[in-house]
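Return a 3D structure for these sequence lines:
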Amino acid sequence: MKVPHLSRFAIIGFTMTKEVPQIPGVERGANFFKDKPVEMAGQELASRRRVEFGEKPLDLCLIKTADALYLNYPYLGRDETSEESAKLWEPRVSSRDGSVITWRWKDPNPDRQEFSDYIAFAGRKLDEKFNYSQVSTTWSKSILVPQVIKEGIEKAMRQQNEVAHDYRELEAEGARISETFDLLFESSSAFAVGNISQSELNGLAREAEKTFKAHGLLQSRDSIWQRVVKFTLDAMENDRRGRINPLVSRVRARAAFLAATEREMIGRSVGTKAEKVYERLAIVRAGIRADIEIATEVLDTICGFSGLVVADNEVMREGKTTCTEEEAREIRRTLAVVSGDILGRVQPEPYLTLVISARSVLMGEKVYGNDKEKAAILGILSKTGYASFLKDSAADRLEQHLPRVAERRIFLAYSLLKRSLWDKKTGDTRVFN
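Residues are numbered from 1 along each chain as shown. Predicted structure coming up:
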């Protein structure tokens, strides 16, 4: 079974700002009218708005100096050699304890100028010389805040599920958006026919006013909803000469549609980001569990622990107490593949500690890839009872040609891996379905 590499999954970037982009006027949107109906152009603009919303950079993206180290942590589920550029919203992971790091944005007090304990890492003003203790109040700023989840990937998934649920629960706003879109589609379709009577126009105006009144939008102080109401009601009016002008009405309806789309994005942007993070975590988790399943199947194939298969390896199948160097080398080579190639990709808790323990039981000190990994592994094993196997592993016993002793250690590793899949902590990934 081959688990797809995570870089094959295309995921849209994280919302970088809460700044509301300007709705294009009729003049600036003129190119979109060429060779296509106004309604199609409006819907294309709305689709583009959904993709582009929030991609305009802030003047300064800041992070507390004490939190900046989290920006150096590896991205969860990505190989360090991956050429695909990562998005800022992507969760990271600590190689020392398996904590998962997710992110949220926090807006500073708009009057604040003192940011000497922060680091600017992105933004339009990043290349300009500025004084951290006197940052202009006119600049748009936001602070990136890491959320460290020591319990690991399932806890992070529940966190993001809860955030997404909270935003989906804004039913009043959702109803406003849904009914406004229905209204705009209906009016736009009516104008597209071309020959609309005065009574039909009056009927559309009454329906629009009724919808807006029902949702309390006629007195809304929200600037975007004000634009939606104005553009929609203007679309229902006659022109300056008292005539019905379908094209002008369609353009106004299109402008209202774009403004409503912007409100939709503001209402859903955080929820959407949480859903993207949840999906990324779900992809990584599925890969982790698949790798562990593969590892246990390989160990079972070698030794026949489950009773469902006959041990494939002759030495283990016959229960030999000793073996040749060639026989030992063959088993060690398989254990090295299980430890390094399959289990070596596991990053987060609550899998990391048990997987590191199993790898140490299998390969001992050979589990170290480099000094940095050695420090991380020793730190993890210091909290368990498995550090002793670093000098008394299955691989060590196979070098001594003692397959029966090695088999007991392989079974221990097999059991640890099974436990990581059966642990109740790894079962619940949602707070809300």
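
CA atoms for contacts and neighbours, from now on please.
Will do.

what's the domain layout of this structure?
When the chain is parsed with automatic domain parsing, its domains come out as 23-52+151-289, 56-150, 313-423.

right, so of the ones you listed, which gets closest to Thr429?
Minimum separation from Thr429 across the domains of the chain (C-alpha to C-alpha) falls at domain 23-52+151-289, 5.2 Å.

thinking again about what came up before, which one of the domains of the chain lies nearest to Cys303?
Closest approach to Cys303 among those (C-alpha to C-alpha): domain 313-423, 5.5 Å.

Quick check: mean pLDDT of that closest one?
Domain 313-423 shows a mean pLDDT of 95.

Let me have the domains of the chain in a markdown table, adding distance to Thr301 and mean neighbour count as columns.
Formatted as a markdown table, the domains of the chain follow (distance: least, C-alpha to C-alpha, whole Å; neighbours: other C-alpha atoms under 10 Å):
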| stretch | distance to Thr301 | mean neighbour count |
| --- | --- | --- |
| domain 23-52+151-289 | 18 | 18 |
| domain 56-150 | 28 | 16 |
| domain 313-423 | 8 | 19 |
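
Turn those into TSV, columns for distance to Thr429.
Converted to TSV, these look like this (distance: least, C-alpha to C-alpha, whole Å):
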stretch	distance to Thr429
domain 23-52+151-289	5
domain 56-150	14
domain 313-423	13
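
Worst mean pLDDT among those domains?
Per-segment confidence across those bottoms out at domain 23-52+151-289, which has a mean of 67 in mean pLDDT.

Could I get the full set of helices for the stretch 1-150 of the chain?
38-52 (DSSP state H, counting those that start in this stretch).

so where do the strands sit in it?
Counting by DSSP state E, counting those that start in this stretch, residue ranges of the strands within the stretch 1-150 of the chain are 60-64, 92-93, 100-106, 118-122, 141-149.

how far away is the residue nearest the centre of the chain from Thr296?
Centre of the chain computed as the mean C-alpha position; nearest residue by C-alpha atoms, centre = their mean is Val277, 1.9 Å away. Computed with C-alpha to C-alpha, to the nearest Å, the distance linking Val277 and Thr296 is 29 Å.

Might you report the residue contacts of Asn161?
For Asn161, the set of contacting residues under the criterion of C-alpha atoms under 8 Å, 6 or more residues apart in numbering consists of 274-275, 278, 430-432.

Go ahead and measure how far the helix or strand hosting it is from the middle of the chain.
Here Asn161 is covered by helix 153-168, with elements defined by DSSP states H and E. Taking C-alpha atoms, centre = their mean, to the nearest Å, the mean C-alpha location of helix 153-168 is offset from the chain mean by 11 Å.

show me where the stretch 151-300 of the chain has helices.
With DSSP H, counting those that start in this stretch, the ranges of helices along the stretch 151-300 of the chain come out as 153-168, 171-193, 198-214, 223-235, 246-303.

In terms of helices and strands, where is the nearest residue to Phe305 once chain neighbours are set aside?
Counting by C-alpha to C-alpha, 6 or more residues apart in numbering, Phe305 lies nearest to Phe411, which is 7.2 Å off, once chain neighbours are set aside. Element membership of Phe411, judged by DSSP H and E, is helix 403-422.

circling back to that earlier point, among the domains of the chain, which is nearest Phe305?
Smallest distance to Phe305 across the domains of the chain (C-alpha to C-alpha): 7.2 Å, for domain 313-423.

Identify the residues contacting the residue nearest to the centre of the chain.
Going by C-alpha under 8 Å, 6+ apart, Val277 touches 89-91, 157, 160.

so Val309 sits in a strand?
No - under the criterion used here (DSSP: H, G, I helix; E, B strand; the rest coil), Val309 is coil, not part of a strand.

before we move on, back to that, dump the contacts of Asn161 to a markdown table, plus distance to Cys303.
As requested, the contacts of Asn161 are arranged in a markdown table below (distance: C-alpha to C-alpha, whole Å):
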| residue | distance to Cys303 |
| --- | --- |
| Ala274 | 43 |
| Glu275 | 42 |
| Tyr278 | 37 |
| Arg430 | 37 |
| Val431 | 40 |
| Phe432 | 41 |
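
where does Asp222 sit relative to Ser142, distance-wise?
Summarising the geometry, the distance separating Asp222 from Ser142, computed by C-alpha to C-alpha, is 22 Å.

can you check Glu407 too?
56 Å.

same deal with Glu349?
Separation of Glu349 from Ser142 (C-alpha to C-alpha) stands at 30 Å.

Gly98 too?
For Gly98, the distance to Ser142 - C-alpha to C-alpha - is 28 Å.

Please apply the same query to Leu352.
Leu352 sits at a distance of 33 Å from Ser142 (criterion: C-alpha to C-alpha).

Right, I'll call it a day here.
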